[in-house]
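Asker: output the structure for:
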Amino acid sequence: MGIIRFPSLTSKAKNFSKLQTLRSGNKLDVPKGCLAVYVGEIQKTRFVVPLSFLEHPLFQNLLHESEEEFGFDHPMGGLTIRCQEDVFTDLISRLQIS
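Answerer: Numbering: from 1, shown residues only. Model (predicted):
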């Protein structure tokens, strides 16, 4: 019997791996060309995302909604986006593919 490959699962696994590298616990570890954001409704999780995401309309919409809710005063010291973490990870996984 040969090896069975599931292309859609393989690509999703690669995207998940990339998401895990974007999720960072070290507050000083923001590579050049990236931005740290805090995501969550109650508990905030820190993500490091490429600056290129700022140009994408979906990400801009999310930032606009965050600005309306939080203004420019972010209690975490970085950009705070109030949405469910799984919604955010789904969004950035779509942005990485496009």
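
Asker: point out where the chain drops to low pLDDT.
Answerer: Confidence mapping of the chain against pLDDT under 70 gives the ranges 1-28, 70-77, 98.

Asker: and Ala36, which helix or strand is it part of?
Answerer: Under the criterion of DSSP states H and E, Ala36 resides in strand 34-39.

Asker: so which other helices or strands are in contact with that strand?
Answerer: Based on contacts counted as 3 or more C-beta pairs under 8 Å, 6 or more residues apart in numbering; DSSP states H and E, the elements that strand 34-39 packs against are strand 45-50, strand 79-81. No exception for glycine: its C-beta is placed from N, CA and C like everyone else's.

Asker: list the neighbouring strands of that strand plus their orientation.
Answerer: Paired strands of strand 34-39, with direction, are strand 45-50 (antiparallel), strand 79-81 (parallel) (DSSP bridges).
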